[in-house]
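Visitor: Give me the fold of what follows.
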Amino acid sequence: MVDAPLPRIRVPHPHVRCDIDVLAGSPHVAGSRVPVRRLWAWHRGGAAVETLVKRYPNLGPARILDALAFAYDNQDLIDADIAREQALFDKQGPDVGARPLAQMIFPFEAPLGPASKSVKAPRKR
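Guide: Presented below is the predicted three-dimensional model:
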């Protein structure tokens, strides 16, 4: 990622790690490569915890809830991590291999608005 250092952790949590060798030091769920910023963005965008558990069943509800609690307790760190990811995307463009959080649509949530059309399956007789 970009060389900007992240703020210090104010409140540590047992299921969240920051390791410079994993995701360039971004807070992530221990034992995985799932960044807290991603869970936080989806949660703040309206995704329920149950939806996140469906998306990441290997994490389980305890680690997901702890990651969200970490984000609430360390808001400045998460905001800086999101800004760092956005700056990397702006600098390297789509070659980074990810989309900025602002462009993400959670796969388990239906899009909102008139652009979303439901497709009905044919009825069996």
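Visitor: Identify, by residue count, the longest helix of this protein.
Guide: helix 75-92 (DSSP state H).
Visitor: list the helices and strands that helix packs on?
Guide: Applying 3 or more C-beta pairs under 8 Å, 6 or more residues apart in numbering; DSSP states H and E, one finds that helix 75-92 contacts helix 36-44. From N, CA and C alone the C-beta is placed, and that goes for glycine too.
Visitor: contacts for the helix it packs on?
Guide: Helix 36-44 is contacted from outside by 16, 26-29, 49, 51-52, 55-56, 64, 67-68, 70-71, 78, 81-82, 85, 101, 104, 106, using C-beta atoms under 8 Å, 6 or more residues apart in numbering.
Visitor: for stretch 15-25, same thing?
Guide: 1, 6, 9, 26-30, 33, 35-36, 62-63, 66-67, 70.
Visitor: For it, which residues meet the burial criterion?
Guide: Across stretch 15-25, burial judged by 16 or more other C-beta atoms under 10 Å covers 15-18, 23-25.
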